[in-house]
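Trainee: below: sequence and its predicted model.
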Amino acid sequence: MPSLAISGAVMSESPKDKKEKKKLKNQAAMETLGSESAKSKKESKLKKENKKRKALEIDDDEERSETSSELGEPVNAKAKSVEAESKKKKKKAKAEEEEEDVDGGEEKSEEHPNAISKFRISAPLKAKLKEKGIESLFPIQAMTLDTILDGSDLVGRARTGQGKTLAFVLPILESLTNGPAKASRKTGYGRSPSVLVLLPTRELATQVFAEFEVYGAALGLTSCCLYGGSPYHSQEAKLKRGVDIIVGTPGRVKDHIERNNLDLTSLKFRVLDEADEMLRMGFVEDVELILGQVEDLSKVQTLLFSATLPNWVKDIATRFLKQNKKTVDLVGNEKMKASTNVRHIVIPCSSTARAQLIPDIIRCYSSGGCTIIFTETKDSASGLAGLLPGARALHGDIQQAQREVTLKGFRSGKFTTLVATNVAARGLDINDCQLIIQCEPPRDVEAYIHRSGRTGRAGNTGVAVMLFDPRKSNISRIERESGVKFEHLSAPQPADVAKAAGVEAVETINQISDSVIPAFMTAAEELLSTSGLSAVELLAKALAKAAGYSEIKSRSLLTSMENYVTVLLEAGRPIYTPSYAYGVLRRFLPEEKAESVKGLTLTADGRGAVFDVALEDLDTFLTGQENAADVSLEVLKALPSLQERDQSRGRFGSGGRGGFGDRNGGGGRFSFGRGGRSGDRRNDRFSGRPNSSRGRSNTSKKW
Ligand SMILES: Nc1ncnc2c1ncn2[C@@H]1O[C@H](COP(=O)(O)OP(=O)(O)OP(=O)(O)O)[C@@H](O)[C@H]1O
């Protein structure tokens, strides 16, 4: 089973790597000494380990049996047969281990099962991998390398951040220089490319291109990146000289074909990276045109990789990949589809409270690393970036040159908060990205998986926080479809955040030179004698100032708005509708006070309603309830389970009086929600299925 391999490789971290390095050193020393016995011992050990490694890889026979069926199904059938097979293999591996223990097994436990020394990777590439700190292959890489090198078409799926890029980069480079594609690939000045990699976004294209540049250079191969928004001239010049590998977005690649700059007739490899996204964006026709350029389909290998392969992608795989394609699916039918290295948190928050809340979330969850915030629209990305100190926006309306500057600045740590649309959701690999914040639930589960997967990469951990408005969002669908078990938390309370800030402020004070003391001594003494506060209290105030606090506000649990508190209303009988709850409030409050509550939502048990009350009105509410029979109001410390949007609709319909619309006409309460009341342009690309009728000019504007 795939999971066998996952556990082996993903866990490979520093202590083990140190051991591996030591082991490799030992091996090198043995070879230098020319010790025949050591050499033969090593060879026989390598043979055995190769066998074991093979046991972790896909089985050719099993794959053959699945090739004619559709993409989604083989995984099930395969899972069973692989499970039986893997039991056999486990037994066999155990026997081998015991055998090795007899003849010096102490070495065995130190070497990683997927150490790069064990793979068909040539010396220069191995050296480059080591230079980049890569000593062993990740499971998706280990399980696909031989298959690709041996010439098969392949569909590869692994969770975000598990190294899918190198899973195609390495075997392609090897095949072109030492493998089957070597003999027939074009060489020399003006050569047409051997490899085409298509991806959905410019940022991702640049990133994958960089990998080909680094590893391709080690083997003397050249690459070119083709994406829109950048001048044609330099791309044309490069193509004219001849390159081996093209990485690009469909629109610009198509443009170059139409301008006769690009000849794709003799490709050896075609890669569709994040194919589902590319097709969802409406690039189907472009992709078809591009893939259709190859003259002899039997001579080209097609590879398709993504962390998500929605069912409809199987049609695409059937159309573009050979019938006998192989499938390596490390997610398969496992419940959890999102990254397992990420803590998935949801916090209720109204759109109006986001800008106040997000800095505190960053303070509490970013561990000092960088944060990507996802918004649904370009306007809200720009708007939010403007409100958050030191943040920058990234979306499709920003000039390409500026997009590149922004991403470079973010990667290099010049600023630590990026506010982006889905343009940054796929594939981007940003070092030290600790926290993802989604301002509202995305429309589909794939977007959730990819966005949250911008953290917790390559075996690291991270946190993904999703804000949601319980009255408008349905997070249980995302939870169900992604297999994520959300941690339901309330917004960090300002007092808690301030405590954390106090610790930082102590550091700041400690760093101040003692030389300042004499100058401030007199003022300090005078303050102490006149303020009526103790020295510790005054010091606390000084720390607050150093941390940027002049007061501590309260924050509601429900909408996360400052200076509001969340209250539970019960009326001695079930509360079935919001209008009934408003009716109860009007029994003991003036009309305008009853109408002033924010975010009124029914509890999941149907016994009450929760809402936010302005701190200044709280007394009026609490005193008022005493005059109403059977009514109780309780200021909440934790939020109870609430009814979600669909639940309420299903039960009560959506159009009734006092429904979940904004009773105040959109002002102040959730006024930026899904209905687009704010006039904010919403990205319209998630139509759920690829829309071939949408033109490129249309789609290129979406983010
Ligand atoms: N064998 C390896 N050992 C250590 N690090 C690796 C290895 N392979 C890849 N990485 C690193 O893991 C990170 C994630 O890799 P990559 O971007 O290819 O993931 P991915 O599976 O394509 O993710 P996504 O689905 O989000 O696009 C990168 O920083 C990459 O350099």
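Mentor: Alright, I've got the coordinates. Numbers count the residues shown, from 1 in each chain.
Trainee: how about stretch 546-557: buried residues?
Mentor: Under the neighbour-count criterion of 16 or more other CB atoms under 10 Å, stretch 546-557 has 546-547, 549, 555-557 buried. From N, CA and C alone the C-beta is placed, and that goes for glycine too.
Trainee: how close does Phe151 sit to the ligand?
Mentor: Actually, residue 151 is Gly rather than Phe. 23 Å (CB to the nearest ligand atom, to the nearest Å).
Trainee: name the nearest residue to that residue, ignoring sequence neighbours.
Mentor: Spatial nearest neighbour of Gly151, chain neighbours left out: Pro180 (5.4 Å); criterion: CB to CB, 6 or more residues apart in numbering.
Trainee: keep only the buried residues of stretch 546-557 that also lie close to the ligand.
Mentor: When the buried residues of stretch 546-557 are checked against the ligand using CB under 6 Å from any ligand atom, none falls in range.
Trainee: rebuild those as TSV, extending it with secondary structure.
Mentor: Below are the buried residues of stretch 546-557 laid out as TSV (DSSP: H, G, I helix; E, B strand; the rest coil):
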residue	secondary structure
Ala546	helix
Ala547	coil
Tyr549	coil
Arg555	strand
Ser556	coil
Leu557	coil
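Trainee: reformat those residues as a markdown table; add pLDDT and distance to Leu291.
Mentor: Below are the buried residues of stretch 546-557 laid out as a markdown table (pLDDT from 0 to 100; distance: CB to CB, whole Å):
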| residue | pLDDT | distance to Leu291 |
| --- | --- | --- |
| Ala546 | 90 | 60 |
| Ala547 | 87 | 57 |
| Tyr549 | 86 | 58 |
| Arg555 | 87 | 52 |
| Ser556 | 91 | 53 |
| Leu557 | 91 | 52 |
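Trainee: between these, which sits nearest Gly216?
Mentor: Gly216 lies nearest to Ala547 out of the buried residues of stretch 546-557, by CB to CB, at 49.3 Å.
Trainee: thinking the closest one is in contact with Ala498, fair?
Mentor: Yes. Counting by CB atoms under 8 Å, Ala547 touches Ala498, with 6.9 Å between them.
Trainee: quickly note the distance from the closest residue to the ligand within the stretch 501-650 of the chain to Pro231.
Mentor: Closest residue of the stretch 501-650 of the chain to the ligand, CB to the nearest ligand atom: Glu644 (28.4 Å). Per CB to CB, to the nearest Å, Glu644 is found 49 Å from Pro231.
Trainee: check Lys314 too.
Mentor: 38 Å.
Trainee: out of these two, which sits in the busier spot?
Mentor: A side-by-side neighbour count of Lys314 and Pro231, using other CB atoms under 10 Å, places Lys314 first with 18 against 9.
Trainee: assumed the more buried one was part of a strand.
Mentor: No. Under three-state DSSP, Lys314 sits outside any strand and is assigned helix.
Trainee: outline the domain layout of the protein.
Mentor: 117-329, 342-495, 564-635 (the TED database).
Trainee: these: which one's closest to Pro518?
Mentor: Within those, the stretch nearest Pro518 is domain 342-495; the backing value is 33.9 Å (CB to CB).
Trainee: could you pull up the contacting residues of the residue nearest to Gly151?
Mentor: 149-151 (CB atoms under 8 Å, 6 or more residues apart in numbering).
Trainee: so which of those residues belong to helices?
Mentor: Of the contacts of Pro180, the ones assigned to helices by DSSP state H are Leu149.
Trainee: so which of the contacts of Pro180 is the most crowded?
Mentor: When neighbours are counted by other CB under 10 Å, Leu149 leads these with 21 neighbours.
Trainee: distance of the residue of the stretch 351-500 of the chain found nearest the ligand from Ser266?
Mentor: The minimum distance from the stretch 351-500 of the chain to the ligand, using CB to the nearest ligand atom, falls at Ala458 (3.2 Å). Using CB to CB, Ala458 is found at 35 Å from Ser266.
Trainee: and Thr165, how far from Lys408?
Mentor: Thr165 sits 19 Å away from Lys408, going by CB to CB.
Trainee: same deal with Glu626?
Mentor: Computed as CB to CB, the Glu626 to Lys408 distance reads 62 Å.
Trainee: same question for Val195.
Mentor: Noted for Val195: a distance of 26 Å to Lys408, by CB to CB.
Trainee: now swap in Lys337 and tell me
Mentor: Using CB to CB, we find Lys337 at a distance of 31 Å from Lys408.
Trainee: comparing the two, which shows the higher neighbour count?
Mentor: Lys337 (22 against 11).
Trainee: and that one, backbone torsions?
Mentor: phi -100, psi -20 (degrees, to the nearest 10).
Trainee: so who does it touch?
Mentor: Each residue near Lys337 by CB under 8 Å, 6+ apart is listed here: 159, 307-308, 331, 445, 449, 481-484.
Trainee: restrict those residues to those near the ligand?
Mentor: Ala307.
Trainee: coming back round to it: of the contacts of Pro180, closest to Glu592?
Mentor: Leu149 (73.5 Å).
Trainee: do you know the pLDDT at Lys701?
Mentor: We have a pLDDT of 37 for Lys701.
Trainee: er, Ile246 actually
Mentor: 98.
Trainee: contacting residues around it?
Mentor: Contacts of Ile246 by CB under 8 Å, 6+ apart are 193, 195-197, 223-224, 226, 253, 262, 264.
Trainee: which of these fall in strands?
Mentor: Among those, the residues falling in strands (DSSP state E) are 195-197, 223-224, 226.
Trainee: what's the pLDDT at Leu309?
Mentor: 86.
Trainee: for the closest residue to it other than its chain neighbours, give its distance to the ligand.
Mentor: Nearest residue to Leu309 in three dimensions, chain neighbours excluded: Arg157, at 5.3 Å (CB to CB, 6+ apart). Per CB to the nearest ligand atom, Arg157 is found 9 Å from the ligand.
Trainee: low-confidence ranges in the stretch 351-500 of the chain?
Mentor: Counting by pLDDT under 70, the stretch 351-500 of the chain has no low-confidence residues at all.
Trainee: now with 80?
Mentor: 471, 473-474, 500 (pLDDT under 80).
Trainee: check the chain too.
Mentor: 1-110, 183, 311-316, 471, 473-474, 500, 644-703.
Trainee: how about the residues of it that lie near the ligand?
Mentor: Within the chain, the residues that sit near the ligand (CB under 6 Å from any ligand atom) are 134, 137-138, 141, 158, 160-166, 307, 427, 429, 453, 457-458.
Trainee: now for the residue most central in space within the chain: which residues touch it?
Mentor: The centroid of the chain falls nearest to Gly453 when counting by CA atoms, centre = their mean (1.9 Å). Counting by CB under 8 Å, 6+ apart, Gly453 makes contact with 159-161, 307, 338-339, 342.
Trainee: ditto for Gly216
Mentor: Counting by CB under 8 Å, 6+ apart, Gly216 makes contact with 173, 222-223, 244-245.
Trainee: mind putting the residues you listed into a markdown table with neighbour count?
Mentor: What follows is those, written out as a markdown table (neighbours: other CB atoms under 10 Å):
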| residue | neighbour count |
| --- | --- |
| Leu173 | 29 |
| Thr222 | 16 |
| Ser223 | 23 |
| Asp244 | 25 |
| Ile245 | 25 |
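Trainee: what kind of secondary structure is Val331 in?
Mentor: Put simply, Val331 is coil when judged by three-state DSSP.
Trainee: check contacts around it.
Mentor: Shown in contact with Val331 (CB under 8 Å, 6+ apart): 157-159, 307, 337.
Trainee: then His450?
Mentor: His450 touches 160, 277, 307-308, 425-427, counting by CB under 8 Å, 6+ apart.
Trainee: can you tell me the helix or strand for it?
Mentor: His450 belongs to helix 445-452 when assigned by DSSP states H and E.
Trainee: beyond that helix, next helix or strand please.
Mentor: strand 462-468.
Trainee: packing partners of that next one?
Mentor: Identification of packing neighbours for strand 462-468 by 3 or more CB pairs under 8 Å, 6 or more residues apart in numbering; DSSP states H and E yields strand 342-348, helix 354-365, strand 433-438, helix 445-452.
Trainee: what are the contacting residues of the helix or strand following it?
Mentor: Next along the chain after strand 462-468, taking DSSP H and E as the criterion, comes helix 475-482. Here helix 475-482 makes contact (CB under 8 Å, 6+ apart) with 336-338, 346, 441-442, 445, 448-449, 466, 468, 484-486, 644, 646.
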